[in-house]
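>>> have a look; sequence and predicted model below, questions after that.
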Amino acid sequence: MDREVNIDRRVKKTRQVLKDALISLMAEKDFSNITVQDITRVADVNRATFYSHYHDKIDLIQKIAEEILNELNAILMKKSDGLRSYDLLVQIFEHLSEHSEFYTIMLSSNRFPGFWKKLYAIFRNATSRSTEFSDSDDSIPQDILNSYILGAYFGVVIQWIKRGMPYSPKYMAEKLANIKTVI
């Protein structure tokens, strides 16, 4: 049993250093100019090790994005567990901050339009599940209200990331929670 745990730890560690290597390389140069050899050099692993975990660099970036977006989606799903808006917003902004380098790279590059779509879809699904604004004004159809809220939240998140996250996650959560009460 201990042997399995150690193997799992080694596999996790290897995958993490490969992910970190790719993200750091993407901060330096365009994804299309990064080779598997570059990734393995930075990660200090051999190519055979890379290929035992991933098919190619595209598989690696897709796995990284999937993992991080699944983590974000799990946070947003907590809303249905009765988490208060402010607390949920803090967790969202903390997640974004924890993965700041990845989000900054992915959102500043036009090379990954699928990432934008997936991120937007996660926020859209969370917005459509939200009932916080449903009784704000019966004359506004829910789909219009959801689109407005989604555009506002998504826009704030994107600008916060693009500006280098100049405010803390708690500050951002507080300000967005205050804006929500004004609406």
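That came through fine.

>>> kindly list the longest helix within this structure.
helix 2-28 (DSSP state H).

>>> that one: what's the following helix or strand?
Using DSSP states H and E, the helix or strand that follows helix 2-28 in sequence is helix 36-43.

>>> can you point out the buried residues in that next one?
Val36, Asp38, Ile39, Thr40, Val42, Ala43 (16 or more other Cβ atoms under 10 Å). The way it works is simple: take the backbone N, C-alpha and C, and place the C-beta from them, glycine included.

>>> show me the residues around the closest residue to the fifth one other than its chain neighbours that make contact.
By that I understand Val42. Taking Cβ to Cβ, 6 or more residues apart in numbering, and ignoring the residues beside it in sequence, Val42 has Ala21 as its nearest neighbour in space, at 3.9 Å. Contact analysis of Ala21 by Cβ atoms under 8 Å, 6 or more residues apart in numbering lists Ile39, Thr40, Val42, Ala43.

>>> closest to Gln16 among those?
Ala43 (9.2 Å; Cβ to Cβ).

>>> isn't the closest one right up against Leu18?
Yes. Look at Ala43 against Leu18 with Cβ atoms under 8 Å: they come within range, at 5.0 Å.

>>> list the residues that contact both of the two?
Common neighbours of Ala43 and Leu18 (Cβ under 8 Å, 6+ apart) are Phe50.

>>> what about the helices in this structure?
2-28, 36-43, 47-53, 57-77, 85-98, 100-108, 113-129, 142-162, 169-182.

>>> okay, these in CSV with mean pLDDT next?
CSV is the format used below for the helices of the chain (pLDDT from 0 to 100):
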stretch, mean pLDDT
helix 2-28, 86
helix 36-43, 98
helix 47-53, 96
helix 57-77, 94
helix 85-98, 92
helix 100-108, 90
helix 113-129, 84
helix 142-162, 87
helix 169-182, 82
